[in-house]
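fold the following and give me the result.
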Amino acid sequence: MKTKYWIAVVSKEHVLNGIDWGIMQVCHGKKAPLKCINKGDFIIFYSSKNRMKDKQPYQKFTAIAKAIDDEIYQVKMFENFEPFRRKVKFLKCSETEIKPLINDLDFIQNKKSWGYPFRYGLLEISKKDFDLITTKMLLKNE
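Residues are numbered from 1 along each chain as shown. Purely as a prediction, here's the structure:
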């Protein structure tokens, strides 16, 4: 199977939980988006906010991960909340702001309404866009 590249929209707080637990969860724990991702695919996490309920924008790419298997599983967190997850391996990286990259990202077609592509919580991007973002995130570690 051909490797695909994704952006998952997740608050920074939840990204940090995912790093601690070695998992990803998107779209408030829905299963369907996770089915799109296959073992070996790469995911960049974009955090529009630091915490879900924050009003102040964060607007940074916060993590990079690779899907390590094809299993999707469900956990019970609370009485009425049983989200779906999958295991991922996070790469060591640094956060990077989105705004300096907007003009060079092909998946953002309307540069004035640049947040529009993030509205569904998970989107596939090109390898070119993936490389542009990850180059910024991985260079900061050297």
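
any residues touching the biggest strand by length in the chain, and which ones?
Secondary structure of the chain read by DSSP state E shows that its longest strand is strand 57-67. With Cβ atoms under 8 Å, 6 or more residues apart in numbering as the test, strand 57-67 has contacts from 10-12, 15, 18-19, 24, 37-50, 86-91, 93, 95-99, 133-134, 136-138. C-beta coordinates here come from the backbone N, C-alpha and C atoms, glycine included.

how about residues contacting the longest helix along the chain?
For the chain, the helix that runs over the most residues, judged by DSSP state H, is helix 127-139. When contacts are defined by Cβ under 8 Å, 6+ apart, helix 127-139 is touched by residues 3, 5, 42, 44, 61, 64, 91, 93-96, 101, 104-107.

which parts of that helix are buried?
D129, F130, I133, T134, K136, M137 (16 or more other Cβ atoms under 10 Å).

pLDDT at the spatially closest residue to F118 that is not a sequence neighbour, what is it?
Leaving aside its chain neighbours, F118 sits nearest to V9 (4.8 Å; criterion: Cβ to Cβ, 6 or more residues apart in numbering). On pLDDT, V9 comes in at 97.

tell me what V9 is bridged to.
Judged by DSSP bridges, the bridge partners of V9 are Y46.

now do it against K76, distance only.
From V9 across to K76, the span is 24 Å (Cβ to Cβ, to the nearest Å).

thank you kindly, that will do.
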